[in-house]
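>>> Make a model of this:
(one chain, ligands or ions: 1)
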Amino acid sequence: MSSSEYIEQVMHDLEDRYPGQSEYLQAVHEVYESIQPVLEAHPEYQEQAILERIATPERLISFRVTWQDDEGQVHVNNGYRVQHSSVNGPYKGGTRFDSSVNPSILKFLAFEQTFKNSLTGLALGGGKGGADFNPIGRSDAEIMRFCQAYMTELAKYISADQDIPAGDIGVGHREIGYLYGQYKRLQGVQLGVLTGKPVIAHGSLGRSEATGYGVMYFTEELIKSHDDSLQDKRVLISGTGAVGLHAIVKAIQLGAKVVAVSNTSGTLADPDGLDLDTLLTVIVDPNSDLVTYLEAHDTASHYKEAIWSCDIEADIAIPCAIQNEINAEQAQEIIERGIRYVIEGANMPSTAEAVQCFRDNDIIFAPAKAANAGGVAVSGLEMSQNAQRLQWTFEEVDQQLQSIMKDIFQHLLDTCEEYDLDHDYAKAANIYAFKRIAELVQIQGVV
Ligand code: 2IT
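Numbers count the residues shown, from 1 in each chain. Okay, here's the model as predicted:
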């Protein structure tokens with residue numbers, strides 16, 4: 001069978017086995033359509049079923065989470081942990097609490113995480129977990145009981161050397177604190193069993209900022225390599241969670257103008273650039289939303305629509321909200337409004353059709369698995385600090401983050417050159433990570 005037939009057969013097989021797991025199939029397809037040159041150089045990968053072994057999670061743990069709300073009502077949620085790949089180290093990846101969580105979404109995230117983690121150069125395998133629990137509107141006590149119930153099941157499967165969860169959408173310092181406390185109650189002290197811990201609980205300085213800052217460090221490298229600069233570039237950023245918030249801060253620090261931001265309360269825009277101090281006050285206050293910004297700056301505008309559907313001119317788009325937030329139609333529209341660079345801050349925020357549209361229009365596109373790897377990279381540094389029983393300074397962590405993001409971009413440039421990919425950084429990230437993972441699978445034998 002030719003290598004393209006092999007890829008096609010594996011994709012057909014996955015579609016037959018996992019009908020309806022659209023996000024998972026989308027993520028695998030995006031990688032496997034890029035790696036034909038590697039398969040051609042390694043015909044033995046077919047007999048060894050390397051594609052099947054890389055796409056299939058080593059383990060998918062699924063459990064019931066039973067908890068009681070403040071009124072005494074008992075609820076049942078579905079909890080999961082996808083232990084996708086351990087070939088590059090212990091399973092590592094975040095935890096998402098959101099009503100959209102299902103096996104397809106967690107399998108896509110764990111698959112992506114495996115590739116992302118291998119790009120960091122650290123010894124990290126891939127995993128992801130979560131629950132279809134919606135934390136919005138829940139009291140602190142309810143969040144604590146939910147986290148305790150979730151960890152009561154999960155604790156059986158994780159440890160500092162085996163599987164190290166962190167946060168993601170719906171899981172921040174507070175949740176990690178409760179999850180950590182419950183793990184300790186059940187299994188004893190293990191500092192490094194979770195990352196993204198509050199700094200006082202021996203989390204890493206700079207972990208909260210790492211994904212957003214990393215996205216901007218990566219963007220700076222990429223723009224420089226195109227003989228361009230971030231200075232005064234007009235930037236659109238969706239999402240005001242941990243990733244979006246810190247991307248906004250770093251973008252402005254690096255000289256760019258953030259001309260629009262968005263979250264579930266709509267889109268806020270100012271063609272002259274939004275004011276960082278007011279924006280920070282509005283974003284971090286749980287009792288206000290983006291409209292509040294207008295009280296201090298009436299030159300700005302607020303729209304109810306998603307940022308990608310608003311008529312705002314800009315140079316760079318940085319989607320930091322959620323998977324598949326940019327569809328083909330919106331991709332076409334933002335290109336018409338002047339966007340030349342798209343850097344993914346969220347995991348897989350562009351649909352396959354949107355990515356194709358960027359490619360067809362020569363937009364410089366950076367995939368999440370490279371651009372947002374700074375978060376998990378600093379999680380890796382948190383594991384090192386916990387193992388050393390030391391806490392590094394913010395500057396030390398930030399320095400290492402910058403150097404990791406620079407190295408990732410360099411790997412993409414080198415891969416583009418080696419495989420004659422022009423500036424197809426998505427393909428380069430897939431090829432670079434796939435080569436490493438495939439070799440790791442091979443050298444560890446048939447297991
Ligand atoms: O998507 C991601 O890379 C994360 N949610 C961070 C994972 C981690 O283990 O820090």
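>>> other SSEs contacting the longest helix seen in the chain?
As assigned by DSSP state H, the longest helix anywhere in the chain is helix 394-418. The elements that helix 394-418 packs onto, with contact taken as 3 or more Cβ pairs under 8 Å, 6 or more residues apart in numbering; DSSP states H and E, are helix 207-225, helix 368-371, helix 374-388, helix 425-443. All C-beta spots, glycine's among them, are computed from the backbone N, C-alpha and C.
>>> Excluding its own residues, what touches the second one? List them.
Counting by Cβ atoms under 8 Å, 6 or more residues apart in numbering, helix 368-371 makes contact with 112, 115-116, 119, 214-215, 218-219, 343-349, 408-409, 412, 425, 429-430, 433, all of which sit outside it.
>>> Alpha carbons of that helix, as PDB, please.
What follows is helix 368-371, C-alpha atoms only, in PDB (Å, rounded to 0.1, in the frame of the first residue of the first chain):
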ATOM      1  CA  ALA A 368      -1.800  26.000  18.500                       C
ATOM      2  CA  LYS A 369       0.400  23.000  19.200                       C
ATOM      3  CA  ALA A 370       3.400  25.200  18.600                       C
ATOM      4  CA  ALA A 371       2.100  28.700  19.500                       C
END
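>>> Tell me the buried residues in the top strand by length along the chain?
Looking across the chain with DSSP state E, the single longest strand is strand 74-85. Buried positions in strand 74-85, judged by neighbour count with 16 or more other Cβ atoms under 10 Å: 77, 79-85.
>>> can I get these in CSV with pLDDT and distance to the ligand?
CSV is the format used below for these (pLDDT from 0 to 100; distance: Cβ to the nearest ligand atom, whole Å):
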residue, pLDDT, distance to the ligand
77, 98, 20
79, 98, 17
80, 99, 15
81, 98, 12
82, 99, 13
83, 99, 13
84, 99, 12
85, 98, 14
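>>> Show me the strands in the stretch 201-350 of the chain, by range?
Here the stretch 201-350 of the chain has its strands, by DSSP state E, counting those that start in this stretch, at 234-238, 257-263, 266-269, 301-303, 316-319, 341-343.
>>> Kindly provide the distance from residue 297 to the ligand.
32 Å (Cβ to the nearest ligand atom, to the nearest Å).
>>> near the ligand, which residues of this protein show up?
With Cβ under 6 Å from any ligand atom as the criterion, the chain meets the ligand at residues 92-94, 113, 166, 168, 195-196, 347, 375-376, 379.
>>> State the mean pLDDT of the longest helix of the chain.
For helix 394-418, mean pLDDT rounds to 98.
>>> ok, the closest residue to residue 293 other than its chain neighbours - contacts?
Spatial nearest neighbour of residue 293, excluding adjacent residues (Cβ to Cβ, 6 or more residues apart in numbering): residue 282 at 4.9 Å. Residues in contact with residue 282, defined by Cβ under 8 Å, 6+ apart, are 288-290, 292-293.
>>> redo that, cut-off 10 Å
240, 261, 265, 268, 274-275, 288-296 (Cβ atoms under 10 Å, 6 or more residues apart in numbering).
>>> what does residue 249 give?
For residue 249, the contacting residues are 209, 212-213, 216, 258, 276, 279-280, by Cβ under 10 Å, 6+ apart.
>>> Could you check the angle the longest helix of the chain makes with helix 425-443?
90 degrees (axes from the mean of the first three to the mean of the last three Cα atoms, to 10 degrees).
>>> Can you give me the buried ones in helix 394-418?
So helix 394-418, judged by 16+ other Cβ under 10 Å, has buried residues 397-398, 400-402, 404-405, 408-409, 411-413, 415-416.
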